[in-house]
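Participant: Quick check, what structure comes out for this input:
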Amino acid sequence: MPAVSKGDGMRGLAVFISDIRNCKSKEAEIKRINKELANIRSKFKGDKALDGYSKKKYVCKLLFIFLLGHDIDFGHMEAVNLLSSNKYTEKQIGYLFISVLVNSNSDLISLINNAIKNDLSSRNPTFMNLALHCIANVGSREMAEAFAAEVPRILVAGDTMDSVKQSAALCLLRLNRTSPDLVLMGEWTARVVHLLNDQHLGVVTAATSLITTLAQKSPEDFKTSVSLAVARLSRIVSSASTDLQDYTYYFVAAPWLSVKLLRLLQCYPPPEDGAIRGRLTECLETILNKAQEPPKSKKVQHSNAKNAVLFEAISLIIHHDSEPTLLVRACNQLGQFLQHRETNLRYLALESMCTLASSEFSHEAVKTHIETVINALKSERDVSVRQRAVDLLYAMCDRSNAKQIVAEMLSYLETADYSIREEIVLKVAILAEKYAVDYTWYVDTILNLIRFAGDYVSDEVWYRVIQIVINRDEVQGYAAKTVFEALQAPACHENLVKVGGYILGEFGNLIAGDSRSSPLIQFDLLHSKFHLCSVPTRALLLSAYIKFINLFPEVKGTIQEVLRSDSQLRNADVELQQRAVEYLRLSSIASTDILATVLEEMPPFPERESSILAKLKRKKGPGNLHPDLDENRKERSANGGTVAASPTPSTDLLGLGSTITTQNSAPPASKGTSLLVDVFSENIAAFPVETPVAVGPVADENFSRDISYIPTVHWGTLGIFVGIQSWQSIQFINPKIPDMRCLPLAPFPSRFVCKNNGVLYENQLLQIGLKSEFRQNLGRMYVFFGNKTSTQFMNFGWPFTAPYCAFFLTVSLQLNVHAKPADPTVDGGAQLQQILNIECMSDFVDAPVLNIQFRYGGTLQNVAVKLPITLNKFFQPTEMTSQDFFQRWKQLGAPQQEVQKIFKAKHSMDTEVTKAKIMGFGAALLDGVDPNPSNFVGAGVIHTKTTQVGCLLRLEPNTQAQMYRLTLRTSRDTVSQRLCDLLSEQF
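Facilitator: You can find the predicted model right below:
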């Protein structure tokens, strides 16, 4: 790049900047700027033509004023004129002004594009670089459309200078990030990959960045880059620092290029070719060996560059996870960093070891550093490093060290930072449950959690301990004894009172034989906490009291006195008052046998994924959780070293991207009993319901937030009390609920308005997917039901209903939906396909509802979801000329035929996405009809059996205000309103 001579200095600019700096106040600065702006405006509007130097000077002043935070609304054309100059400094200032001030939607873009094309074809490397930099800096879609094909040609041309190749590669990388659909390498792919062999390392560095991004998008197209990357990395690693003198940074040869090459290799699995794989292994071993060598410089730049290459090499070793020797060596190297004086190195070492702990080859090596990690947890001053230490302890935990790690985490919890306490509580709860050989230890651990950090123990944690106690007979007596002793403390956290009330209400009889924990003492102990608790906890305690009447008849009178007191019967809270009244009446009129039946023990919960683990996944993301290593090792040994992927709650059992299949898969092997019950999971969106309506494990929408609804679910609110089987099986008859059509509905995602396939609904048990096609007033929908559990679904059935009971007849007349009966069973891990034939009789608003009933683990489950059958599905596109469109538009000019809506954009206002949504909505997109090219115009016909409804639409985006105006005109007012509501939700 040419140097700027002294003659090119702009004295006027220097004086102006000096004046601004000398201003004593903001007002003085604004006054000076306004004076200068007036002067520049008069110069630009003057009759005398300005020379290039003057234009450059004034444009520079405008740029400086803009950088000070003031708006600039003129001078853009003068900057564009500078682009045609043959002087470097003038052209440079013009490109700089455009890169900073010109909006991508500016009317000047076409002029700028012409100037850029001229510079790209000039073959002057300086001008070509300036043009490429401008394209990359602006990065608009218009520029991508104009130059996405030209830049790759410059990049691979044989006569292009190295500096231009570097700029072209980085420019193409920028365009790929802003408009990836426009950057299509095609015939250039092989030649771009070959740039990895270029003699100029600057070109190789830029090309590697580009290839890495493209390989992530199309790995198959760029897989040949692996061998070239390995070869180039080998030459860099084996060379001396003097061999690459221009690219050696503090005695480290080409560190940035090395890091980029290692990152590129992480886009692919280990090379299959033995020679390439061996050469790569040698490179990684050499990098690990160099890390052990004494530093060649004491400066921090040397160690930073050296460690950057080392950590990226370790990331590649972890990614491949195939070389036990390298994994162990990497672990040992990271272990040395755990006690390094540099905080950043300690942090990175802990973070990398978290990933290493998930590998079967290096897990044992990671465990050898447990004492160092525990010491870091206790003594580290930086909270982020302590958090990584907690993550590493969680990752390295297994059955051999679970008790030690859990004890250390509990000890640290008392002094831990408030920001990470909740996460530590979740991890301790998961580890205690996962590796509990003796469940008495698990109960003790959870109670200690509540003692040390009760405010950070979420509902999921104490729900979980109750589930486990109920499911395991051997721990029930110990749990009752332990919580009884814990409640004797003068100050108890409310979560401990909840656990104590629940467990003593169920299993207090197991410790009643001891005079120190007699029934009356248990009741007095619980009731002494009553006035200190919140309303939900009091509601739970009242339920425990009624359970006591069944367990201990001798305290019936005492409990009835409490229930009869004014503080209960006249309580200001309707929930507590209602429970007290109903429990008092129940204890008075029911015989002993009826009470024993109504208030029997909780039955075991069915299996479901732990909601604690689900919450930790939501908090940290699934990528940060290590798998069950013991199970993985067993699978490796059983499968000859290959880990079989096991289904997870997010697994797509339906295979919507593949061909349509029916139920034919055998149920997978059971995972054993380590997966305990969890009816409290927040992921459950469907409610198990019996007929007559049975409020079961997750019947009330508030249940996942308040366990007080287990013992009684608003008795007297839902219907007439007829009998109680247990705390979890309470039946009502409500004359207002004749069938299951009034259940809470799971709405279909709005994306289904413009698309016809995908996953419609998913919970822990069931996944429902759809594929559909529509033509005129007819449609066909393939519905897939995926069983995500290992247990067979029984009595599988699914009647259709209207969305509301009262509209059943109306919707049936508007839509006909026909289906064959479903197979009554769905095996674990299998899927069932059903075909629906749909006929639109007339225009409609509400979508039909799919109710699925089945038995899982003996419990009747019911899922109610709306099917994505909307009016626009029967939309057939209609092509029209501009004349025909406006003629028809005028014909539909009656006020009741037009609906208009102005609304705020909810998503990015991308032109191509908008076009795709309108076409997906069913309308034909008419180009060149609207005088404003930024507007969108569409036409189509809604087909029903009885009539056809013509529809015209116009969408006007305002990108500056981030608003849309949508206008629809149809021959029927109800159709206009419905289509407007559906389409406006998409933007």
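Participant: Residue 956 and residue 933: what is the separation?
Facilitator: Noted for residue 956: a distance of 12 Å to residue 933, by Cβ to Cβ, to the nearest Å. Just so you know, the C-beta spots here come from the backbone N, C-alpha and C atoms, and that holds for glycine as well.
Participant: Those two: which is more packed in?
Facilitator: The neighbour count for residue 956 versus residue 933, taken as other Cβ atoms under 10 Å, is higher for residue 956 (16 against 8).
Participant: who's in contact with the more buried one?
Facilitator: Residue 956 is in contact with 932, 934, 935, 936, 964, 965, 966, 967, counting by Cβ atoms under 8 Å, 6 or more residues apart in numbering.
Participant: Assumed it was part of a helix.
Facilitator: No - counting by DSSP: H, G, I helix; E, B strand; the rest coil, residue 956 falls outside a helix, being strand.
Participant: number of nearby residues for residue 238?
Facilitator: 12.
Participant: Checking the nearest residue to it once chain neighbours are set aside next. Helix, strand or coil?
Facilitator: Spatial nearest neighbour of residue 238, excluding adjacent residues (Cβ to Cβ, 6 or more residues apart in numbering): residue 286 at 6.8 Å. Under three-state DSSP, the three-state class of residue 286 is helix.
Participant: With the one 4 residues further on instead?
Facilitator: Secondary structure of residue 290, reduced to three states by three-state DSSP: helix.
Participant: Next: residue 305.
Facilitator: Following three-state DSSP, the label given to residue 305 is helix.
Participant: Distance-wise, check it relative to residue 244.
Facilitator: Residue 305 is 13 Å from residue 244, by Cβ to Cβ.
Participant: Can you pick out the residue with more neighbours from those two?
Facilitator: Per other Cβ under 10 Å, whichever of residue 305 and residue 244 has more neighbours is residue 305, with 23 against 17.
Participant: Could you check how far the more buried one is from residue 247?
Facilitator: Relative to residue 247, and taking Cβ to Cβ, residue 305 is found at 11 Å.
Participant: what sits up against stretch 312-332?
Facilitator: 258-259, 262-263, 265-266, 269-270, 281, 283-285, 287-288, 333-334, 352-353, 355-356, 359, 361-362, 365-366, 369.
Participant: Just those residues: which are in strands?
Facilitator: Using DSSP state E, no member of the contacts of stretch 312-332 falls in strands.
Participant: Among those, which are located in helices?
Facilitator: Counted as lying in helices by DSSP state H, out of those, are 258-259, 262-263, 265, 281, 283-285, 287-288, 333-334, 352-353, 355-356, 365-366.
Participant: Helices of the stretch 101-250 of the chain, start to end?
Facilitator: In the stretch 101-250 of the chain, the segments counted as helices under DSSP state H, counting those that start in this stretch are 109-120, 125-138, 141-147, 150-156, 162-178, 189-193, 201-217, 225-238.
Participant: how about those, which one is nearest residue 596?
Facilitator: Closest approach to residue 596 among these (Cβ to Cβ): helix 201-217, 64.6 Å.
Participant: Which other helices and strands does that closest one contact?
Facilitator: Using 3 or more Cβ pairs under 8 Å, 6 or more residues apart in numbering; DSSP states H and E, the elements in contact with helix 201-217 are helix 162-178, helix 189-193, helix 225-238, helix 255-265.
Participant: want to throw these into TSV with mean pLDDT?
Facilitator: As requested, the helices and strands packed on helix 201-217 are exported to TSV (pLDDT from 0 to 100):
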stretch	mean pLDDT
helix 162-178	92
helix 189-193	90
helix 225-238	92
helix 255-265	94
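Participant: Could you say which of these is packed most deeply?
Facilitator: Mean neighbour count (mean count of other Cβ atoms under 10 Å) peaks for helix 255-265 among the helices and strands packed on helix 201-217, with a mean of 23.
Participant: Tell me what angle it forms with helix 201-217.
Facilitator: If you take axes from the mean of the first three to the mean of the last three Cα atoms, to 10 degrees, helix 255-265 sits at 20 degrees to helix 201-217.
Participant: Extract the residue ranges of this structure that are flagged as low pLDDT.
Facilitator: Along the chain, the parts satisfying pLDDT under 70 run over 1-9, 47, 104-105, 241-243, 606-749, 797-813, 820-822, 857-858.
Participant: just the buried members of the contacts of stretch 312-332?
Facilitator: By neighbour count, with 16 or more other Cβ atoms under 10 Å, the contacts of stretch 312-332 hold 258-259, 262-263, 265-266, 270, 281, 283-285, 287-288, 333-334, 352-353, 355-356, 359, 361-362, 365-366, 369 as buried.
Participant: For residue 33, what are phi and psi?
Facilitator: Main-chain dihedrals, residue 33, degrees, to the nearest 10: phi -70, psi -40.
Participant: Isn't residue 546 up against residue 587?
Facilitator: Yes - assessed by Cβ atoms under 8 Å, residue 546 is found in contact with residue 587 at 6.6 Å.
Participant: between these two, what contacts are shared?
Facilitator: Residues touching both residue 546 and residue 587 by Cβ under 8 Å, 6+ apart: residue 559.
Participant: Comparing the two, which shows the higher neighbour count?
Facilitator: More neighbours surround residue 546 than the other of residue 546 and residue 587, with 25 against 19 (other Cβ under 10 Å).
Participant: Torsion angles phi and psi at the more buried one?
Facilitator: Main-chain dihedrals, residue 546, degrees, to the nearest 10: phi -70, psi -30.
Participant: Quick check: it vs residue 372, distance?
Facilitator: Distance from residue 546 to residue 372, by Cβ to Cβ: 54 Å.
Participant: Residue 334 too?
Facilitator: Distance from residue 334 to residue 372, by Cβ to Cβ: 11 Å.
Participant: Residue 535 now?
Facilitator: Per Cβ to Cβ, residue 535 is found 48 Å from residue 372.
Participant: What of residue 827?
Facilitator: Residue 827 is 49 Å from residue 372, by Cβ to Cβ.
Participant: Among those two, which residue is more densely surrounded?
Facilitator: Legend: neighbour count by other Cβ under 10 Å for residue 827 and residue 372, higher for residue 827 (19 against 16).
Participant: isn't the more buried one right up against residue 791?
Facilitator: No - with contact defined as Cβ under 8 Å, residue 827 does not count as touching residue 791 (9.1 Å).
Participant: doesn't residue 783 make contact with residue 766?
Facilitator: No - using Cβ under 8 Å, residue 766 is not in contact with residue 783, being 11.8 Å away.
Participant: which ones are touching the closest residue in space to residue 208 that isn't next to it in sequence?
Facilitator: Leaving aside its sequence neighbours, residue 208 sits nearest to residue 260 (Cβ to Cβ, 6+ apart; 4.2 Å). Residues in contact with residue 260 (Cβ under 8 Å, 6+ apart) are 205, 208, 209, 212.
Participant: Just the closest of these to residue 25, please.
Facilitator: Using Cβ to Cβ, residue 209 comes nearest to residue 25 of those, at 46.8 Å.
Participant: The closest one: neighbour count?
Facilitator: 18.
Participant: now do the one 5 residues further on
Facilitator: Residue 214 is surrounded by 23 other residues when neighbours are defined as other Cβ under 10 Å.
Participant: For the nearest residue to it once chain neighbours are set aside, list the residues it contacts.
Facilitator: Spatial nearest neighbour of residue 214, excluding adjacent residues (Cβ to Cβ, 6+ apart): residue 222 at 5.8 Å. Taking Cβ under 8 Å, 6+ apart, we find residue 222 in contact with 189, 193, 211, 214, 215.
Participant: picking up where we left off before, generate CSV for the helices and strands packed on helix 201-217, with distance to residue 110 as supplementary columns.
Facilitator: Below are the helices and strands packed on helix 201-217 laid out as CSV (distance: least, Cβ to Cβ, whole Å):
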stretch, distance to residue 110
helix 162-178, 18
helix 189-193, 29
helix 225-238, 37
helix 255-265, 36
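Participant: All set now, cheers.
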